[in-house]
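Asker: What follows is a predicted protein model with its sequence.
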Amino acid sequence: MKRFSTFSWMIPAVLGGVLVLMLSDVALAAEGDQEWRPVYDLVMRWVNFFILFFILFKFGRRPLMDFLRGQRDEIAQEFTKVEAQKEKMLAKLKEASQALEESKVRLPELKTRLIEQGERRKQELIEEAREQSRLIMEGARHKIDYQVLRAREKLSLELLDMAMGEALKRLPALITPEDDKRQVEKFLSIASH
């Protein structure tokens, strides 16, 4: 912005000089018929033009060139930025299209893999359920076997108690004192060994 303001006075000065040169013919035409005057005016116009050109060239060239270089550099920077953004966008677009293509390829594979995993998990759950039911059935069989064994033992004990009770009722009438003596001797001989 500063570069533009340092030589911004040159544009109106050049335009003013060109305007003076163009309008001076009208002003000089009113002076009359002097032959040397048109030649003098023309020469003076060129002298003034060259003086103005020299002043503008001498003092305005550097600011004008600096301004043009600055504009060139700014445009080059903007162009570089736009090119970099374009490259980034093209890279992102390429990545997105590659990802889309990969997803199109991977989607059936992923679907197949998920179905396979689901089937495997289903089979695992079925096997776990079968194993649990087998364990439950085995546990129930063990309980039933235990209860049957306990019932048999209880029945055996009850039968033994009944047999003992019956034997105790009948034996005193059937055992004689001699049988009793023989049993005592037999018990003592076994106990002494």
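Answerer: Arrived safely.
Asker: any idea which residue sits dead centre in this structure?
Answerer: Nearest to the geometric centre of the chain sits A99, at 13.0 Å (CA atoms, centre = their mean).
Asker: any idea how far that residue is from L93?
Answerer: Separation of A99 from L93 (CB to CB, to the nearest Å): 11 Å. C-beta coordinates here come from the backbone N, C-alpha and C atoms, glycine included.
Asker: Check which element follows the helix or strand hosting K81 along the chain.
Answerer: Using DSSP states H and E, K81 maps to helix 36-174. Using DSSP H and E, the helix or strand that follows helix 36-174 towards the C-terminus is helix 177-192.
Asker: before we move on, the earlier item: the helix holding K81 - what's its average pLDDT?
Answerer: Averaged across helix 36-174, the pLDDT comes to 88.
Asker: other SSEs contacting it?
Answerer: Packing partners of helix 36-174 (3 or more CB pairs under 8 Å, 6 or more residues apart in numbering; DSSP states H and E): helix 2-6, helix 10-28.
Asker: which of those has the lowest average pLDDT?
Answerer: For these, mean pLDDT drops lowest on helix 2-6, to a mean of 52.
Asker: ok, I51 - contacts?
Answerer: Contact analysis of I51 by CB atoms under 8 Å, 6 or more residues apart in numbering lists nothing.
Asker: And for R170?
Answerer: Not one residue lies near R170 by CB under 8 Å, 6+ apart.
Asker: now it: how far from A163?
Answerer: 10 Å.
Asker: rewinding a little: what's the angle between the helix holding K81 and helix 177-192?
Answerer: Counting by axes from the mean of the first three to the mean of the last three CA atoms, to 10 degrees, helix 36-174 lies at 130 degrees to helix 177-192.
Asker: Distance from helix 36-174 to the middle of the chain?
Answerer: Centroid separation between helix 36-174 and its chain, computed with CA atoms, centre = their mean, to the nearest Å, is 5 Å.
Asker: for stretch 170-183, same thing?
Answerer: Distance, stretch centre to chain centre, for stretch 170-183: 100 Å (CA atoms, centre = their mean).
Asker: same thing with stretch 167-186?
Answerer: On CA atoms, centre = their mean, the centre of stretch 167-186 falls 98 Å from the chain's centre.
Asker: Would you work out how far apart the start and end of it are?
Answerer: Distance between the two ends of stretch 167-186: 20 Å, counting by CA to CA, to the nearest Å.
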